[in-house]
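Enquirer: Take a look and give me a structure for this.
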Amino acid sequence: MPFTCTGPVIEWRGPAPFYFLAVPEDESDDIKEAARGLEYWGQVAVDVRIGDTGFRTALFPKDGRYLVPLRVAVRRAEGIEVGQELTADLELASRSQDA
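Expert: The predicted model follows:
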């Protein structure tokens, strides 16, 4: 099931900085409902497309919404910066597709 969402790019500082697209709560609720049985440890595997760049990752649940991890290669390829409003297409992926 495809989803399109727009949200801010945020930074989380741990031992190293991590960058995420914050999925709005309404879209997060819809994804959570559609992903019943596909989630593992609260995470949901997805295929993501941002601009011309596609990749597979897992959504992280945080504070009632999901976060899309943004790898360095994706951020560089698409010129993504913290605070930017970003649109992404998400497609749920089953764990069997990961094998």
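
Enquirer: gap between Lys62 and Gly14?
Expert: From Lys62 across to Gly14, the span is 13 Å (C-beta to C-beta, to the nearest Å). Quick note: C-beta positions are derived from backbone N, CA and C, even for glycine.

Enquirer: Could you list the low-pLDDT ranges of the chain?
Expert: Scanning the chain for pLDDT under 70 picks out the ranges 16, 94-99.

Enquirer: could you point out the longest strand in it?
Expert: If you go by DSSP state E, the chain has its longest strand at strand 2-13.

Enquirer: Extract the C-alpha set from that one and format it as CSV.
Expert: Listed next in CSV are the C-alpha coordinates belonging to strand 2-13 (Å, rounded to 0.1, in the frame of the first residue of the first chain):
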residue,chain,number,x,y,z
PRO,A,2,1.6,3.3,-1.1
PHE,A,3,1.7,6.5,1.1
THR,A,4,3.0,10.0,0.4
CYS,A,5,4.0,12.2,3.2
THR,A,6,5.5,15.6,3.7
GLY,A,7,7.3,16.6,6.9
PRO,A,8,10.4,18.3,8.3
VAL,A,9,13.9,16.8,8.3
ILE,A,10,15.0,16.5,11.9
GLU,A,11,18.4,15.7,13.6
TRP,A,12,18.9,13.5,16.6
ARG,A,13,22.2,13.8,18.3
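
Enquirer: Parallel or antiparallel, which strands does that strand pair with?
Expert: Next to strand 2-13 in the sheet, as set by DSSP bridges, lie strand 17-22 (antiparallel), strand 85-92 (antiparallel).

Enquirer: Mind listing the residues bridging to the most centrally placed residue in the chain?
Expert: By C-alpha atoms, centre = their mean, the chain has its centre lying nearest to Val68, at 2.1 Å. Beta bridges link Val68 to Leu21, judged by DSSP bridges.

Enquirer: list the contacts for Thr53?
Expert: Going by C-beta atoms under 8 Å, 6 or more residues apart in numbering, Thr53 touches 74, 77-78.

Enquirer: Show me the one in these that has more neighbours than the rest.
Expert: Among the contacts of Thr53, Val74 has the most neighbours (other C-beta atoms under 10 Å), with 21 neighbours.
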